[in-house]
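1. sequence first, then the predicted structure, then my questions.
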Amino acid sequence: MGGAQEVGRSAISVIDGKTNIVLDYGSKIENTPPEYPIDTRGVSAVILSHSHLDHSGSIPMLFMRENPKFMTNDISLELVHMLIRDTFKLASIYGYELPFGRKEFKKMINSAILTNYNEKTKLDNFMYTPFDAGHIPGSTSTFLQHERKNIFYTGDIKLNSTRLLHGCNLPAKTDVLITESTYSEIDHPERASEEGKFIAAVDEALALEETALVPVFAIGRAQEVMMILENYADKIALDGMAKQATETILNYASYVKDPARLKKILKKVFWVRSEKDRARAIEKCPIIVTTAAMMAGGPIIHYLRNIRGRPEAKILFTGYLMEDSPAKILLETGAFKSIEEQYHVHCDVKQFDLSAHAGRSELFEIINRLQPKQVITVHGENCPKFAKEIEEKFNIPAIAPKNGDILEI
């Protein structure tokens, strides 16, 4: 119902007779107004893989006419509450209507059934087990066991460990694998080497007594970046939604690989709490870690305006940039373009690959371990090519559906 041959608005409906289990129901937030998944009815349960809005942002729509079970975990529930609440604010700022209201949002929150990794829950004819996906704190892959077929949906997944998180866990095997394909065409560079290049760029800014501006995703990436920059913690200012996300993650420390270390780092970081703090951050903190990663809004715009004319200041992107996002346009053209304004940016702009998604080799390794009889590729811009490569490499049927396709498994 979404996320087929695209990144954004992930939504899959698994139907057996009268049972309709929805795996994610996200929105495509880079567009204004956002795009939403295909409508579905008779929903028994919705299972959330993780809190990012491209997987969670449309879930309140499922509560407009019905009251399905909402399967998630404690940290994801709190994080998705934060993110969807922010969408109401953005809709007001940019003057568009959301397809759901606060009433449906409240129903969603109140319908939550909290689950733990590796614990089984019966959902009609299915047995549901969440597995740690290793993507962001609380991220989950979904294992649905049925008398006829077992289905494993990766959600956004990371096989290898990072500084913040352990890598994913997997079941022994599955009949059907629904896999994300974000980086199906490339392998990520060796992590230690990429982190070294990122640190070197920060060092260069510090040597020039300039600012290193680091746009981040609030959940996962902000905390990962601060762990990489552990030795510079007292030079970092943290701003935007990343502050609340970080506080939430600290409250659910069991989802993080080394919570004591993260807590120690954050005690040294300067937390921006006011406009006065923001001015002080520009003046006193050479490293500014702030939202939003795609530069579509948030405090990042304030900092960008302040440094845009300084050629030795650095803007350091740390991962995926959506096509046509202000961040991607800035990286490629040197110009910042938003709904309200546009101007040339004279700073040194770089991109580093600190992705929380599995790269090509990791995706192949996941397939190899699970030994599925059929693969469905989603959440990527080149899903058909990836499906063909899977068929050739593993000699199993693979398909890249379009939004609206119905597959019988």
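-> Arrived safely, thanks for sending.

2. ok, which stretches of the stretch 251-400 of the chain are strands?
-> In the stretch 251-400 of the chain, the strands defined using DSSP state E, counting those that start in this stretch lie at 270-271, 287-290, 314-317, 335-337, 342-344, 348-351, 374-378, 398-399.

3. the fourth one: partners in the sheet, and parallel or antiparallel?
-> Taking DSSP bridges as the criterion, strand 335-337 sits next to strand 342-344 (antiparallel) in its sheet.

4. next one: the third one
-> When pairing is defined by DSSP bridges, strand 314-317 lines up against strand 212-215 (parallel), strand 348-351 (parallel).

5. residues in contact with it?
-> Residues outside strand 314-317 that contact it (Cβ atoms under 8 Å, 6 or more residues apart in numbering) are 198, 201-202, 204-205, 210-215, 293, 304, 307, 327, 330-331, 345, 347-352. In short, each C-beta sits where N, CA and C put it, glycine included.

6. how about residue 330, what does it touch?
-> 295, 315, 336, 337, 345, 349.

7. any figure for the gap between it and residue 286?
-> 21 Å (Cβ to Cβ, to the nearest Å).

8. ditto for residue 295
-> 20 Å.

9. between those two, point out the one with more neighbours.
-> The neighbour count for residue 295 versus residue 286, taken as other Cβ atoms under 10 Å, is higher for residue 295 (24 against 21).

10. isn't residue 91 right up against residue 98?
-> Yes. Counting by Cβ atoms under 8 Å, residue 91 touches residue 98, with 5.1 Å between them.

11. and these two? Which one has more around it.
-> Just comparing residue 91 and residue 98: by other Cβ under 10 Å the higher neighbour count belongs to residue 98, 22 against 15.

12. wait, the more buried one touches residue 89, no?
-> No. Applying Cβ under 8 Å as the test, residue 98 and residue 89 come out as separate, 10.8 Å apart.

13. picking up where we left off before, okay, the contacts of residue 330 in TSV with pLDDT and distance to residue 57 next?
-> Output for those, formatted as TSV (pLDDT from 0 to 100; distance: Cβ to Cβ, whole Å):
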residue	pLDDT	distance to residue 57
295	93	19
315	98	27
336	97	25
337	93	24
345	97	29
349	98	28
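
14. top of those residues by neighbour count?
-> Neighbour counts for the contacts of residue 330, by other Cβ under 10 Å, peak at residue 315, which reaches 26 neighbours.

15. against residue 66, how distant is it?
-> Going from residue 315 to residue 66 by Cβ to Cβ gives 45 Å.

16. same check, this time on residue 163
-> For residue 163, the distance to residue 66 (Cβ to Cβ) stands at 41 Å.

17. comparing these two, which residue is more hemmed in?
-> More crowded of residue 163 and residue 66, by other Cβ under 10 Å: residue 163, with 19 against 15.

18. which residue packs closest to that one, ignoring adjacent ones?
-> In this structure, residue 163 finds its nearest non-sequential neighbour in residue 227, 4.2 Å apart by Cβ to Cβ, 6 or more residues apart in numbering.

19. does the one you found sit in a helix, a strand or a coil?
-> Of the three states, residue 227 takes helix according to DSSP: H, G, I helix; E, B strand; the rest coil.

20. surely it is in contact with residue 165?
-> No. Contact criterion Cβ under 8 Å: residue 227 and residue 165 do not qualify, at 10.2 Å.

21. which of those two has more residues huddled nearby?
-> Taking neighbours as other Cβ under 10 Å, residue 227 and residue 165 compare with residue 165 leading, 24 against 19.

22. so the more buried one touches residue 257, yeah?
-> Yes. With contact defined as Cβ under 8 Å, residue 165 reaches residue 257; the gap is 5.6 Å.

23. so what are the domain limits for the protein?
-> What automatic domain parsing lists as the domains of the chain is 11-186+356-399, 191-351.

24. got JSON lines for those domains, with distance to residue 409 too?
-> JSON lines is the format used below for the domains of the chain (distance: least, Cβ to Cβ, whole Å):
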{"stretch": "domain 11-186+356-399", "distance to residue 409": "5"}
{"stretch": "domain 191-351", "distance to residue 409": "30"}
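
25. what separation do you get for residue 368 and residue 393?
-> According to Cβ to Cβ, residue 368 stands 9 Å off from residue 393.

26. on that earlier part again, let's have the contacts of residue 330 in CSV, adding distance to residue 407.
-> Shown next, in CSV, are these (distance: Cβ to Cβ, whole Å):
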residue, distance to residue 407
295, 37
315, 42
336, 42
337, 39
345, 45
349, 42
